[in-house]
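Undergrad: Requesting a structural model of the entry that follows:
(one chain, ligands or ions: 1)
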Amino acid sequence: MEGLSRRRGVLLPAAPAGEAQTLVRYHDAGALLEADLLADGKTGGFLDQQENHALALGYAQGVAEGGGRTGLDAFTYHGGFALALARGGLETMACDESAAAIGRARRNAELNGLAVDFQVRNAFDLLRALEASGRRFDMVVIDPPALAKRGQAGASAVAAAVRAYKELNLRGLRLLSPGGVLITCSCSARVGGAEFGAMLEAAAHDAGAPVQVLERRGAGRDHPVLLGVPETEYLKCWVLRRAL
Ligand SMILES: C[S@@+](CC[C@H](N)C(=O)[O-])C[C@H]1O[C@@H](n2cnc3c(N)ncnc32)[C@H](O)[C@@H]1O
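TA: Numbering: from 1, shown residues only. Model prediction:
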């Protein structure tokens with residue numbers, strides 16, 4: 001959109017094509033993750049979610065201490081939330097539609113000595129199938145890609161995105177056992193906090209369940225919001241509890 005040419009490569013220090021070392025390891029909320037800085041999504045990892053992965057670990061530990069057993073991470077990418085749920089003691093299932101991302105997530109689980117049931121699946125289909133099969137989870141994480149993107153035409157694109165968020169969250173709430181915790185995110189700057197909250201209220205209403213808001217968070221402190229630039233407050237990460 002800004003007229004920049006697309007290029008993918010190592011600029012500094014300059015390295016001949018194919019020779020640059022772009023596979024890196026880094027720590028995320030105490031887990032060791034591997035990413036290819038050139039080949040993988042985003043900048044390699046969703047670093048804006050690191051503090052929320054740590055938060056998920058704490059909730060998973062609490063849920064497990066309270067007798068909860070199972071967790072689900074619906075858009076897992078390299079497993080950031082799924083590994084946190086597993087480290088917290090929950091038997092965890094996770095999906096992503098990208099086979100490359102799931103390959104990396106499996107490797108990351110291995111690196112951390114964790115067992116997670118990673119599946120290459122469309123999350124909408126998986127949530128629907130799990131609900132139909134009567135499965136329930138004690139903790140669910142929903143962190144889809146930006147469903148309302150910059151550059152898409154106007155209010156109708158935002159309304160369509162809100163409908164998709166509602167479907168995901170309604171299914172997420174229905175899959176929760178009573179007392180279960182839902183961590184739900186949106187990285188669409190065009191869906192503001194108030195709209196996100198209203199969408200969740202509608203989903204809770206349709207799920208027929210009393211739902212409490214435990215925390216409203218955003219990106220980590222290394223992604224500060226710049227006053228006057230609302231786009232920098234793009235990430236919502238809310239923690240809800242299905243009370244009954
Ligand atoms: C925002 S990223 C998830 C980041 C991840 N939760 C984390 O904390 O690192 C969204 C992910 O959703 C995946 N994705 C997009 N559409 C999907 C779909 N319909 N079903 C499953 N995964 C999807 C993308 O491949 C991407 O990995």
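
Undergrad: The lengthiest helix in the chain close to the ligand?
TA: Longest helix in the chain by number of residues (criterion: DSSP state H): helix 154-175. No. Remark: helix 154-175 sits outside contact range of the ligand, by C-beta under 6 Å from any ligand atom, the gap being at least 9.3 Å. All C-beta atoms are positioned from the backbone trio N, CA, C, and that covers glycine.

Undergrad: Only C-alpha atoms, please: export stretch 35-52 in PDB.
TA: Taking Å, rounded to 0.1, in the frame of the first residue of the first chain, the C-alpha atoms of stretch 35-52 are listed here in PDB:
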ATOM      1  CA  ALA A  35      11.600 -19.800  14.300                       C
ATOM      2  CA  ASP A  36      12.900 -19.100  10.900                       C
ATOM      3  CA  LEU A  37      13.100 -15.300  10.600                       C
ATOM      4  CA  LEU A  38      12.700 -15.400   6.800                       C
ATOM      5  CA  ALA A  39      10.500 -18.300   6.100                       C
ATOM      6  CA  ASP A  40       8.000 -18.100   9.000                       C
ATOM      7  CA  GLY A  41       5.100 -15.700   9.700                       C
ATOM      8  CA  LYS A  42       5.100 -12.300  11.300                       C
ATOM      9  CA  THR A  43       8.700 -11.500  12.400                       C
ATOM     10  CA  GLY A  44       9.200 -15.200  13.100                       C
ATOM     11  CA  GLY A  45       7.200 -15.200  16.400                       C
ATOM     12  CA  PHE A  46       4.200 -13.400  17.800                       C
ATOM     13  CA  LEU A  47       6.300 -11.500  20.300                       C
ATOM     14  CA  ASP A  48       3.400  -9.200  21.200                       C
ATOM     15  CA  GLN A  49       1.800 -12.200  22.900                       C
ATOM     16  CA  GLN A  50       4.700 -13.200  25.100                       C
ATOM     17  CA  GLU A  51       3.300 -11.700  28.300                       C
ATOM     18  CA  ASN A  52      -0.100 -13.200  27.500                       C
END
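
Undergrad: who touches the residue sitting nearest the centre point of the chain in this structure?
TA: Residue closest to the average C-alpha location in the chain (C-alpha atoms, centre = their mean): D143, at 2.7 Å. D143 makes contact with Q49, D73, A74, F75, F81, I183, T184, C185, C187, C237 under the criterion C-beta atoms under 8 Å, 6 or more residues apart in numbering.

Undergrad: which one among these gets closest to G3?
TA: Minimum separation from G3 among the contacts of D143 (C-beta to C-beta) is found for C187, which lies at 24.5 Å.
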